[in-house]
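*Asks:* build me a model from this:
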Amino acid sequence: MAIPQRERITFLVLLADVLAPWADAVTAFAVIEGFAVLNVIPVEPARGALTIGCRYSRHGAWWLYHVHSGELIGPANDLAGAARLISNQMKVAAAA
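*Replies:* So this is what the prediction gives:
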């Protein structure tokens with residue numbers, strides 16, 4: 001089964017757009033093991049960065065996930081929900 005890679009990129013670009021208005025983080029694209037990922041980097045303090053990927057599930061949908069832990073964030077078509085979770089996780093990491 002061929003998985004269209006342009007959809008992965010589209011979801012990550014749209015997530016970066018949703019996160020863009022937040023002054024407390026910047027985003028940058030990278031490639032890990034041949035797949036595009038989105039790095040979400042806090043401006044201050046300089047820790048708690050997250051690397052977000054997008055993968056196709058067996059159930060026929062794209063999901064956002066934490067690249068390093070494999071933990072799912074949520075369906076890629078709920079960008080606002082994913083952005084809230086990412087923001088909250090960064091706040092928790094900054095407070096630690």
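*Asks:* nearest residue to the middle of the chain?
*Replies:* I52 (3.1 Å; Cα atoms, centre = their mean).
*Asks:* how about it, nearest residue that isn't a chain neighbour?
*Replies:* Among residues not flanking I52 along the chain, L38 sits closest, at 4.6 Å (Cβ to Cβ, 6 or more residues apart in numbering). Backbone N, C-alpha and C define where each C-beta goes, glycine included.
*Asks:* show me which residues of the helix or strand hosting that neighbour are buried.
*Replies:* Element membership for L38, per DSSP states H and E: strand 35-42. Neighbour-count burial for strand 35-42, counted by 16 or more other Cβ atoms under 10 Å, picks out A36, V37, L38, N39, V40, P42.
*Asks:* who does the residue lying closest to Q89 once chain neighbours are set aside bridge with?
*Replies:* Distances taken as Cβ to Cβ, 6+ apart put L50 closest to Q89, at 6.5 Å, once the chain neighbours are dropped. Beta-bridge pairing for L50 (DSSP bridges): V40.
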